[in-house]
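In: generate coordinates for the sequence data below:
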Amino acid sequence: ADEAQTRWAALRQFVQRRGHFLVTNGPYRLDKWSDAGVVLEVFRDVTSPMGVGSFDRFVIPRRAYVSRIVPRADRLEVYPEIERVE
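Out: Numbering: from 1, shown residues only. Modelled structure (predicted):
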């Protein structure tokens, strides 16, 4: 219960400071928004153990889709296909 109260208090402070509830793990955070668009601010946390370039492999998102579904007596077996990026 104490941990939950601490987290709710931290969220309250975040909302008061930033004006919104969109909490992220970075490296982007919501800076400004309107009906016309959104501005994301980039920030670098130099204390993070993840170095620059740690997420470069995710720059091009791979697509996945279900290629086959096999009904079984007690379940559905779902077979995915995943796009490969070379």
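
In: tell me if Asn15 really is in a helix.
Out: Actually, residue 15 is Val rather than Asn. Yes. Looking at Val15 with DSSP: H, G, I helix; E, B strand; the rest coil, it is inside a helix.

In: tell me the confidence at it?
Out: Val15 carries a pLDDT value of 95.

In: around it, how many other residues sit close by?
Out: Residues within reach of Val15, counting by other Cβ atoms under 10 Å, total 13. Every residue, glycine included, has its C-beta placed from N, CA and C.

In: contact partners for it?
Out: Contacts of Val15 were listed using Cβ atoms under 8 Å, 6 or more residues apart in numbering, and they are Phe21.

In: report how many residues lie close to Trp33.
Out: Close neighbours of Trp33, defined as other Cβ under 10 Å, add up to 13.

In: so it sits against Leu40, correct?
Out: No. The pair Trp33 and Leu40 fails to qualify as a contact (Cβ atoms under 8 Å) at a distance of 9.5 Å.

In: what is in contact with those two at once?
Out: Listed as contacting both Trp33 and Leu40 by Cβ under 8 Å, 6+ apart is no residue at all.
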